[in-house]
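In: after the sequence you'll find the predicted model.
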Amino acid sequence: MSNLLAGNNEPIIAGVDEVGRGALFGPVVAAAVVVPAESVAALTAAGVTDSKKLSARKRQTLAIQIRQMASCGVGLVSAYEIDRINILQASLLAMRRAVTQLPVAPQKCMVDGNQPIPQLSMAQETVIKGDQKVLAIAAASIIAKVWRDELIVRLDRHYPGYDLVSNKGYGSAKHRRGIAKQGICRQHRQSFKSCQVSPKLF
C-alpha cells in the first residue's frame, strides 16, 4: 500500500472515500484523511486497509487510532438530497464536503474510484480500488464506515422495524420485509426501486 503522506517537505495529500452508496436508508457518508509522515508506520502496522476487509470491532479500534494520528473530515448527503440529485452526484458531494471539513487544506486529493470530485480547487487523482492501495484512502474508508454505522444505529431507535442495527441501512431480507410491512420512513431513499413499494412515510 502506497504511503502518501504529509511531511515537512511533502505536499499535503488527502485520501478520500465514501460509504453507503448502495444502502436503501440514511445518508451517504464520505471521509477525507491526511496522514502525517510520523503516523504512516504506526497506522500501517496497526492494519489500516480497506474497511470492507475488517471486522466491525477492528474498524472501531482503527478509527480511534486514525483520529489520534491523522487529520480527518467527514461529509454527508442526506436521503432527501440523494433523491434530488442521484446517488452518484450525492457521493461526490459528500466527498467534497468531507474535504472542506479537514482542519488542514490539502494540496492534492487521492480519490477512491474513477470519478473526480467536482468543484474542488486542488489537484486530484482517482485511484480504482484506492482503499486497497493508498493508506490515506484506506483510512478514509474506515472513518466513513464507522461514522455512518454509528449514525444508523442511533437512527434505529427512531425508526424501528427495519433491523437497521444489523443491516446498517442496506437491503437485507429483514429490512425489505420491514418496508413491505410498515412502508418507508423519511430516511429511506425514495428514488431507489426497493423503496417504492409504499408511499407511507413516518
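Out: Good, I have the coordinates. The shown structure was predicted, so the numbers you read here are calculated from the model rather than taken from an experiment. Residues are numbered from 1 along each chain as shown.
In: where does pLDDT dip in this protein?
Out: Applying pLDDT under 70 to the chain flags residues 1-9, 198-202.
In: strands along that one, start to end?
Out: 13-19, 28-34, 71-77, 108-112, 123-127 (DSSP state E).
In: ok, the nearest residue to residue 71 once chain neighbours are set aside - contacts?
Out: Excluding the flanking residues, the one nearest residue 71 by Cβ to Cβ, 6 or more residues apart in numbering is residue 34, at 4.3 Å. Quick note: C-beta positions are derived from backbone N, CA and C, even for glycine. Contact partners of residue 34, counting by Cβ atoms under 8 Å, 6 or more residues apart in numbering, are 6, 12-15, 70-71, 102, 104, 106, 136.
In: among the strands of the chain, which is the most enclosed?
Out: Most buried of the strands of the chain by mean neighbour count (mean count of other Cβ atoms under 10 Å) is strand 28-34; its value is a mean of 31.
In: and the angle from that strand to strand 71-77?
Out: 160 degrees (axes from the mean of the first three to the mean of the last three Cα atoms, to 10 degrees).
In: relative to strand 108-112, how tilted is strand 28-34?
Out: 140 degrees.
In: can you give the strand pairings for strand 28-34, parallel or anti for each?
Out: Paired with strand 28-34 in the same sheet, following DSSP bridges, are strand 13-19 (antiparallel), strand 71-77 (antiparallel).
In: okay, the ones you listed in JSON lines with distance to residue 128 next?
Out: Formatted as JSON lines, these follow (distance: least, Cβ to Cβ, whole Å):
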{"stretch": "strand 13-19", "distance to residue 128": "12"}
{"stretch": "strand 71-77", "distance to residue 128": "21"}
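In: ok, which of the ones you listed comes nearest residue 190?
Out: strand 71-77 (14.6 Å; Cβ to Cβ).
In: which one's the longest helix in this structure?
Out: Taking DSSP state H as the criterion, the chain has its longest helix at helix 135-156.
In: ok so, going back, tell me what the residue nearest to residue 71 is bridged to.
Out: Going by DSSP bridges, residue 34 forms beta bridges with residue 14, residue 71.
In: how near is it to residue 125?
Out: Per Cβ to Cβ, to the nearest Å, residue 34 is found 15 Å from residue 125.
In: repeat for residue 35
Out: 16 Å.
In: all helices of the protein, in order?
Out: Going by DSSP H, the chain shows helices at 40-46, 56-69, 79-85, 87-100, 135-156, 164-167, 173-182.
In: and the fifth one, what's buried?
Out: Of the residues in helix 135-156, 135-149, 151-152, 155-156 count as buried by neighbour count, 16 or more other Cβ atoms under 10 Å.
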